[in-house]
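**Q** sequence? don't have it. structure:
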């Protein structure tokens with residue numbers, strides 16, 4: 001399965017063999033044995049290169065899921081054997097550090113015999129991959145992305161969006177702005193392909209007030225977005241907690257007619273069947289601290 005998936009990704013036997021750290025003839029023989037066993041042609045080979053057959057595409061998609069589950073099984077087994085339950089691997093998006101996680105972590109470290117926390121700053125999609133592969137125990141993500149099958153989640157932070165505007169621009173001199181006023185400015189937003197639900201909600205909010213926003217720059221990370229705002233590239237919608245960063249060159253202004261359904265939130269996600277006792281205790285610790293934040 002790994003051999004076929006790698007060839008399908010590289011579309012070249014030589015590059016695939018190099019990636020797998022093996023010689024090309026055994027790789028070709030391995031794929032041939034798989035095709036013979038299934039009685040189905042998975043790859044088309046020609047002088048111009050390699051292509052995946054329709055049946056091969058189905059096999060590759062299913063093989064990726066199987067391999068991911070195998071990697072997860074291996075990871076959780078090795079951690080259990082090594083008694084790695086003495087640490088909790090936590091993935092988080094950058095904005096989780098604006099308000100949510102610092103007091104939670106500080107209080108957790110005061111708990112007697114607390115388990116060591118290992119923190120990893122990752123995008124929400126990459127955290128979901130890490131959770132499925134067993135690299136993370138608990139993740140803090142944008143809840144608008146597709147969650148993993150068999151995973152539990154709870155919203156642990158919720159707040160308003162505010163307008164982030166270059167401080168020298170005229171609109172930044174107002175005490176508050178409207179969606180229509182903000183929509184007249186060049187805007188910075190996350191890529192639609194990476195955050196479809198959140199970006200679509202923002203675009204719809206602008207269209208509801210008769211504005212077709214002009215997106216001049218895409219940015220997934222809040223810190224990058226605020227730096228671009230400070231550089232006069234454009235304005236943006238940012239979480240209210242971003243004010244706590246004290247970003248220079250950025251004026252944060254409330255939006256007077258912000259739609260009630262447009263809110264910033266962070267969700268905590270985990271897989272109950274793979275969480276150790278220390279992880280369960282940490283989850284309950286986070287729940288207790290986040291109750292006031294999500295009101």
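**A** Okay, I see it. Keep in mind the model is a prediction, meaning the values are calculated, not measured.

**Q** okay, and for the stretch 151-295 of the chain, where does confidence drop off?
**A** 291-295 (pLDDT under 70).

**Q** as a check, name the ranges of all helices in the stretch 101-250 of the chain.
**A** Assigned by DSSP state H, counting those that start in this stretch, the helices in the stretch 101-250 of the chain fall at 101-109, 124-132, 179-183, 196-208, 222-230.

**Q** figure out which of those is closest to residue 267.
**A** helix 124-132 (9.1 Å; C-beta to C-beta). (Each C-beta comes from the backbone N, C-alpha and C, glycine too.)

**Q** quick one, the closest one and helix 196-208 angle?
**A** Put simply, helix 124-132 runs at 150 degrees to helix 196-208, going by axes from the mean of the first three to the mean of the last three C-alpha atoms, to 10 degrees.

**Q** residue 63: which of the helices of the stretch 101-250 of the chain is closest?
**A** Of all those, helix 124-132 sits nearest to residue 63, with 14.8 Å by C-beta to C-beta.

**Q** just list what the closest one packs against, helices and strands only.
**A** Secondary-structure packing of helix 124-132 (3 or more C-beta pairs under 8 Å, 6 or more residues apart in numbering; DSSP states H and E): strand 87-92, strand 138-141, strand 263-270.

**Q** before we move on, back to that, closest to residue 161 out of the helices of the stretch 101-250 of the chain?
**A** helix 196-208 (8.2 Å).

**Q** which positions within the closest one qualify as buried?
**A** For helix 196-208, a neighbour-count test (16 or more other C-beta atoms under 10 Å) marks 198-199, 201-203, 205-206 as buried.

**Q** can you list the strands that the top strand by length along the chain pairs with?
**A** In the chain, with assignment by DSSP state E, the single longest strand is strand 152-166. Strand 152-166 sits in its sheet next to strand 236-239 (antiparallel), strand 250-253 (antiparallel), strand 263-270 (antiparallel), going by DSSP bridges.

**Q** most tightly packed of the ones you listed?
**A** strand 236-239 (a mean of 25; mean count of other C-beta atoms under 10 Å).

**Q** touching it from outside, list them.
**A** 95, 98, 159-164, 182, 187-189, 202, 219, 222, 225-226, 228-229, 252, 264 (C-beta atoms under 8 Å, 6 or more residues apart in numbering).

**Q** what's near enough to touch the nearest residue to residue 156 once chain neighbours are set aside?
**A** With sequence-adjacent residues excluded and distances taken as C-beta to C-beta, 6 or more residues apart in numbering, residue 156 is closest to residue 290, at 3.7 Å. Contact criterion C-beta under 8 Å, 6+ apart gives 100, 104, 154, 156-157, 268 as the residues in contact with residue 290.

**Q** mind doing that once more with 10 Å?
**A** 100-101, 104, 154-158, 266, 268 (C-beta atoms under 10 Å, 6 or more residues apart in numbering).

**Q** buried ones among the residues you listed?
**A** Among those, those classed as buried by 16+ other C-beta under 10 Å are 100-101, 104, 156-158, 266, 268.

**Q** okay, the strands paired with strand 152-166 in CSV with distance to residue 66 next?
**A** Converted to CSV, those look like this (distance: least, C-beta to C-beta, whole Å):
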stretch, distance to residue 66
strand 236-239, 38
strand 250-253, 47
strand 263-270, 22
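
**Q** run the chain-centre distance for stretch 216-232.
**A** A distance of 18 Å separates the centroid of the chain from that of stretch 216-232, by C-alpha atoms, centre = their mean, to the nearest Å.
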